[in-house]
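Student: show me how the following folds:
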Amino acid sequence: MYNKIIANYVNSMIDIYALQISYFNLYSEYSSVYLNVLLDESKKGIDKSLYERWISQIDIKLDEELRTDNFISTLSNFLLSLSRVIKDSKYYGLDKLIEEVISFNLTKYILDNSIFIPNRYDNKQNVTSYKIVGKINNIELINFIDEDRKTNNNTKPVLLVYAQINRFNIMDLTPEKSVVKNLMSHGLDVYLLKWDDLAYYNSNSTIEDYIELINEAIKLISSKTSIDKIPIIGYCWGGTLSLIFSSLFPKDVLSLTLVASPIDFSKDNSLLSLWSKSLEFDKIINELGHMKGTLLDIAFILRNPPRHLFDKYYKLSQKGDDPKFVELFFAVEKWLNNTPDIPGPFHKKFINSLYKENCLVKGNLILFNNDLVNLEKINFPVMTVTAVNDELVSFESTEAVLDHVKGSVKQIQIPGGHVGLCIGRKAHDKVWPEVANWIKINYDNSNLTTNIKSSHLNQEIDRSILL
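Tutor: Next up, the predicted model:
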């Protein structure tokens, strides 16, 4: 027994030392960029504009440096070393503490401990009321309710599928920035699978398990509403899974809306896509058994630490007298810093088969009992919603679905970024009403009680750019 304790202690010390070295190397990479940019901008003049000039150039230089093989190797070593320390610390019951300390999670500390944040900015609870209409392997299928009527008189159901690497709050963030409320206000009956904590119930869940959850949810909605075909809206990775589901069960889907969803991964030039294709996630999962949400939080921060660790707080200080801005800021921060753990087998398959091998559009993604995912089986209306400056999923990756499905395709594109599609003013004023109206038109054009085969002969393209 004592030999085992000593061995664990020695291994822990070795892993901590390796983490210190990898952290120093990572720190050196960033510091070099910060100082070089500061020196270059100082030569142009030291005045009030220095900070803005510096932060703007940091955006450019970091995007260049963080794509190099040398940096990716350094980052990979750091994340792997960190995962080993987290694994070691679990033996002593210190894993949660270690995660908080190393994740630079300043925002979470502020949100959890600050006495200066009024209660009205506490976004722990969801915005829109809902009822649980079913449970599938501990995962809740919920149906949102109009708070005033305590019911939902809308008769056109839609299933909202959000990213597996996030929590559903981004779809229902504040009363003014709620995708759920927007869709309901335009006549849709909104359902959602709350699979935030699937790793808690089953850390061995696979892509097939997620697809089966969607399948069971569609069956429950159809049974409840007596409607055979249900429209699906998928956000980010949720859209990717929705596309896969739709190709396997096309007779159950009325229409599919893909919001900032990676489809052709060879066309996704975002930094996170490059890291997903390059980092050794399999080794991290082998250490921990799953992908830690903490590690994903760190990766998001490391895309641009100055922006994510202090520039946004600087901007908050300038708009502190705007209650709507402050409310939205803290709601987004709570969502950003609460990433759930991801089941290991699911994450491995998604990264290796989709990001690295691009199997989805190559036509060689095999799931279940040798079922080949064939996107040409999608012969119903498809809509893509993208943002020109999406920093997480290149819009070209989403819009590439046009080349692979047989149904009609409508495309909407707006300025802005990935999260802006859920909380931006233009998104709520124009995009989501357009999405809702398009879904209702598809309902009107469809016989709700029988399956109508769509023509495979012509593919309609309707591209709308909302500026």
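Student: which residues does residue 312 contact?
Tutor: Contacts for residue 312 (C-beta atoms under 8 Å, 6 or more residues apart in numbering) come out as residue 329. All C-beta atoms are positioned from the backbone trio N, CA, C, and that covers glycine.
Student: per-residue confidence at it?
Tutor: For residue 312, the pLDDT comes out at 89.
Student: do the one 5 residues further on as well
Tutor: Among the per-residue scores, residue 317 holds a pLDDT of 87.
Student: tell me the phi and psi of it?
Tutor: Per-residue torsions, residue 317: phi -60, psi -30 (degrees, to the nearest 10).
Student: now it: how far from residue 326?
Tutor: Between residue 317 and residue 326 the distance is 11 Å, computed by C-beta to C-beta, to the nearest Å.
Student: low-confidence regions, the protein specifically.
Tutor: 1-5, 7-9, 91-126, 147-153, 447-467 (pLDDT under 70).
Student: can you pull out the strands in it?
Tutor: With DSSP state E as the criterion, the chain has strands at 130-136, 139-144, 156-161, 188-194, 230-235, 253-259, 290-291, 342-343, 366-367, 371-372, 382-387, 409-414, 461-465.
Student: show me what stretch 385-400 is in contact with.
Tutor: Residues contacting stretch 385-400 (C-beta under 8 Å, 6+ apart): 236, 239, 257-265, 267-273, 303, 361, 384, 411-418, 420-421, 431, 435.
Student: for PyMOL, what selects the buried ones among those?
Tutor: Listed next is the PyMOL selection for buried residues among those, using 16 or more other C-beta atoms under 10 Å:
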select buried, resi 236+239+257+258+259+260+261+262+263+264+265+267+268+270+271+272+273+303+361+384+411+412+413+414+416+418+420+421+431+435
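Student: test my guess that residue 300 contacts residue 336.
Tutor: Yes: Residue 300 lies in contact with residue 336 (C-beta atoms under 8 Å); the separation is 7.3 Å.
Student: ends of stretch 403-420, how far apart?
Tutor: 26 Å (C-alpha to C-alpha, to the nearest Å).
Student: just how off-centre is that stretch within its chain?
Tutor: Between the centre of stretch 403-420 and the centre of its host chain there is 16 Å, according to C-alpha atoms, centre = their mean, to the nearest Å.
Student: residue 173 and residue 330 touch, don't they?
Tutor: No: using C-beta under 8 Å, residue 173 is not in contact with residue 330; the gap is 10.4 Å.
Student: if we can go back for a sec, for residue 353, which of the strands of the chain is the nearest?
Tutor: Closest to residue 353 of these is strand 366-367 (C-beta to C-beta; 8.9 Å).
Student: tell me which strands the closest one pairs with, and in which orientation.
Tutor: Note on strand 366-367: by DSSP bridges, its sheet partners are strand 371-372 (antiparallel).
Student: what's the partner strand in contact with?
Tutor: With contact meaning C-beta under 8 Å, 6+ apart, strand 371-372 is reached by 248, 363, 364, 365, 366.
Student: let's see it at 7 Å
Tutor: Applying C-beta atoms under 7 Å, 6 or more residues apart in numbering, the contact partners of strand 371-372 are 248, 366.
Student: just give me the neighbour total for residue 336.
Tutor: Residue 336 has 18 neighbours, counted by other C-beta atoms under 10 Å.
Student: if I look at it, how far off is residue 377?
Tutor: 36 Å.
Student: go on, residue 440?
Tutor: 25 Å.
Student: contacts only, for the residue nearest to the spatial centre of the chain.
Tutor: The residue lying closest to the centre of the chain (C-alpha atoms, centre = their mean) is residue 163, at 4.4 Å. Residue 163 makes contact with 235, 236, 237, 238, according to C-beta under 7 Å, 6+ apart.
Student: can you check which helix is longest in this structure?
Tutor: For the chain, the longest helix by residue count, based on DSSP state H, is helix 2-42.
Student: just how off-centre is it within its chain?
Tutor: 28 Å.
Student: so what's the residue count around residue 317?
Tutor: There are 8 residues near residue 317, going by other C-beta under 10 Å.
Student: what does residue 27 give?
Tutor: 12.
Student: residue 399 now?
Tutor: Around residue 399 there are 19 residues (other C-beta under 10 Å).
Student: if I look at it, how far off is residue 393?
Tutor: 11 Å.
Student: do residue 11 as well
Tutor: The value you get for residue 11 to residue 393, if C-beta to C-beta is used, is 39 Å.
Student: what's near enough to touch residue 199?
Tutor: When contacts are counted by C-beta under 7 Å, 6+ apart, residue 199 touches 290, 340, 341, 342, 343.
Student: which non-adjacent residue is nearest it?
Tutor: Of all residues not flanking residue 199 in the chain, residue 341 sits nearest, at 4.1 Å (C-beta to C-beta, 6 or more residues apart in numbering).
Student: looking at residue 11 and residue 393, which is more packed in?
Tutor: With neighbours defined as other C-beta under 10 Å, residue 11 and residue 393 compare such that residue 393 has more, 27 against 14.
Student: separation between that one and residue 410?
Tutor: Relative to residue 410, and taking C-beta to C-beta, residue 393 is found at 19 Å.
Student: what does residue 369 give?
Tutor: 34 Å.
Student: looking at those two, which is more packed in?
Tutor: Neighbour count, other C-beta under 10 Å: between residue 369 and residue 410, residue 410 has more, with 20 against 6.
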